[in-house]
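Asks: Okay, sequence plus prediction incoming.
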Amino acid sequence: MIDKTVRTMAEAMAGIEDGATVLVGGFGAVGQPNALIDGLIAQGAKDLVIAANNAGVGHTGLARLMELGRVRKIICSFPRSSDPVVFETLYRAGRIELEIVPQGTLAARIHAAGAGIPLFFTATGAGTKMAMGKETREIDGRTYVAETALHGDVALVEAWEADRWGNLTFRKSGRNFNPVMAMGAKLTVVQSQHIRALGEIDPDNVHTPGIFVNRVLHVPYGDPSGF
Amino acid sequence: MSATVATDTRPLSRTEMAARVARDIPEGWYVNLGIGMPTAVADHVPLDREVVFHSENGVLGMGPAPAKDAIDPWLINAGKQYVTLRPGGSFCHHFDSFAMIRGGHLDLCVLGAFQVAANGDIANWATSENDTAPAVGGAMDLAAGAKRLWVMMEHTAKDGTPKLVRQCSYPLTALGAVKRVYTNLAVIDVTPQGFVVREVAPGLSFDALQARTDAPLIDERAG
């Protein structure tokens, strides 16, 4: 019997190593796997590379992980927030590397990792700082920039529903990066608001098929709040 | 510079600018409105004119802001404001949302900008090469990907420095992407010949507009 559900946070976080690249779902507070981020803080892995849309707010979650000196590098599109003090302090002090990636290119690079595409060309960023040092190619009169796949060792994802095979649904704008991150990592760990019996999620409505998921932890987290 | 501007000049307010942009958006278009000033454009498109608003975080068919007692904490836009979904609206993940943008499926994107050049270059994400924490978000994807890019901005910076320039001095968002600019002083098309003025704010002369603009303007006002 396949059962990807785990009972404890320790099981969910087992084996995440120092130096891992961790893909984190969510956009703002919606769909953000807050419990798993706290689990990673407790688990202790360090020298991490985090790929997420944002770089944390206040002193909790991703910001806390960074504040503890556990993040070597962040790859994101938008490090600003209502309270980016932790990131900005570390960045100014030269204690964290930043790789800014246009939001669509971030999604595309992780999707490419999940889909077996090592390199692709996009018009986004052509002629800008983002293209510096990258291969460009003229195709049908337009300039495109080469971008590489961004592979995760681990993905942290928040779902609305999950079953023991790891099939997932997401809620409204909580879907965002979550299905993309789930595809792009070797080990995908999910916190899910609801656990459904196998077959209970309508197959037509599965957003992320279980093949992309390794572990599911039941976390009835409740509504997102705070950005 | 103030000496060249007639005293009865009345620049458009932000609300009037939003209404002016909204007037040019026809039924049936799929439209992304950038964070900041452009977001207000949606308020001026009547609900019976079916325009489908897209948000980068996977929302297609966005409706107006909810009443305070009707907020859905799971439904935000790219500016992280609470929004609603119109009947016919849908959700998707980020890769699909940006396929809509990068694949040329959006009819229009309206962005704010620091500078627009006469060749359509846009600079709207960083004001210097050493910005403390540069943040690009989806601006480069939108500028390069939408079928049309319009810019909505004040005609000059707060200190009077022109924002419509011969060449952008700030880091670029995209090359040759802007088709039209709506400012508080004018509506200007970006053409192979450069900036072409279509409308000017009440009471402002063409020469006074030119005085507030770095790049040369071509006067093709109707009437």
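Replies: Received, thanks. Residues are numbered from 1 along each chain as shown, chains lettered A, B, ... in the order given.
Asks: drop to CA atoms for contacts and neighbour counts, all remaining ones
Replies: Will do.
Asks: Quick check on B:V21: phi, psi?
Replies: Main-chain dihedrals, B:V21, degrees, to the nearest 10: phi -60, psi -40.
Asks: these two touch, right, it and B:Y182?
Replies: Yes. In this structure, B:V21 is within contact of B:Y182 by C-alpha atoms under 8 Å, at 7.1 Å.
Asks: Would you tell me which residues of chain B are close to chain A?
Replies: With the criterion set to C-alpha under 8 Å from any C-alpha of the partner chain, chain B comes near chain A through B:57-59, B:73-76, B:80, B:91-95, B:98-99, B:102, B:132-141, B:143-145, B:171-175.
Asks: what do you get if the cut-off is 6 Å, keeping everything else the same?
Replies: For chain B, the residues in contact with chain A (C-alpha under 6 Å from any C-alpha of the partner chain) are B:57-58, B:74-75, B:93-95, B:98, B:135-138, B:140-141, B:144, B:172.
Asks: Now rank those residues by neighbours and give me the top one.
Replies: B:N57 (32 neighbours; other C-alpha atoms under 10 Å in any protein chain shown).
Asks: Find the least confident helix or strand in chain A, judged by mean pLDDT.
Replies: helix A:85-92 (a mean of 93; mean pLDDT, DSSP states H and E).
Asks: Please name the bridge partners of B:L217.
Replies: Beta bridges link B:L217 to B:F195 when assigned by DSSP bridges.
Asks: again with A:L217
Replies: For A:L217, the beta-bridge partners under DSSP bridges are A:V6, A:Q191.
Asks: Kindly report the same for A:F120.
Replies: Applying DSSP bridges to A:F120, the residues it is bridged with are A:E147.
Asks: Would you confirm that it contacts A:V145?
Replies: No. Between A:F120 and A:V145 there is no contact under C-alpha atoms under 6 Å: 8.1 Å.
Asks: any idea of the pLDDT on residue 204?
Replies: I'll assume chain A. A:D204 is assigned 98 on the pLDDT scale.
Asks: my bad, chain B
Replies: Note for B:L204: predicted pLDDT of 96.
Asks: How about A:S82?
Replies: Model confidence at A:S82, given as pLDDT, is 84.
Asks: burial count for the residue lying closest to A:L62 once chain neighbours are set aside?
Replies: Leaving aside its chain neighbours, A:L62 sits nearest to A:G56 (4.9 Å; criterion: C-alpha to C-alpha, 6 or more residues apart in numbering or on different chains). For A:G56, the count of nearby residues is 27 (other C-alpha under 10 Å).
Asks: sec struct for A:G56, please.
Replies: coil (DSSP: H, G, I helix; E, B strand; the rest coil).
Asks: Please report how far it lies from A:L90.
Replies: 12 Å (C-alpha to C-alpha, to the nearest Å).
Asks: Likewise for A:K172?
Replies: For A:K172 relative to A:L90 (C-alpha to C-alpha), the value is 33 Å.
Asks: any residues touching stretch A:39-52, and which ones?
Replies: Residues from elsewhere that reach stretch A:39-52 (C-alpha atoms under 6 Å, 6 or more residues apart in numbering or on different chains): A:17-24, A:65, A:70-76.
Asks: Kindly recompute the last result at 8 Å.
Replies: Applying C-alpha atoms under 8 Å, 6 or more residues apart in numbering or on different chains, the external contacts of stretch A:39-52 come out as A:9-10, A:13, A:16-26, A:64-65, A:69-77.
Asks: any low-confidence regions in chain B?
Replies: Across chain B, the ranges flagged by pLDDT under 70 are B:1-7, B:129-132, B:223.
Asks: Can you tell me the SS state at the residue at the greatest distance from the centre of it?
Replies: Farthest-out residue of chain B from its mean C-alpha position, per C-alpha atoms, centre = their mean: B:D69, at 30.4 Å. Here B:D69 is recorded as helix under three-state DSSP.
Asks: just the one 10 residues further on next, same as before
Replies: Going by three-state DSSP, the secondary structure assigned to B:G79 is coil.
Asks: Look up the closest residue to it, ignoring the ones flanking it.
Replies: B:G79 sits nearest to B:I35 (C-alpha to C-alpha, 6+ apart), 5.6 Å away.
Asks: Report the contact partners of that neighbour.
Replies: Going by C-alpha under 8 Å, 6+ apart, the list of residues near B:I35 reads B:78-79, B:111-112.
Asks: Quick check on the residue of chain A most remote from its centre: phi, psi?
Replies: Here chain A reaches farthest from its C-alpha mean at A:G141, the gap being 34.6 Å by C-alpha atoms, centre = their mean. Here is the backbone geometry of A:G141 (degrees, to the nearest 10): phi 80, psi 0.
Asks: Pull up the gap between it and chain B, please.
Replies: Going from A:G141 to chain B by C-alpha to the nearest C-alpha, to the nearest Å gives 13 Å.
Asks: Same check on A:V145?
Replies: 12 Å.
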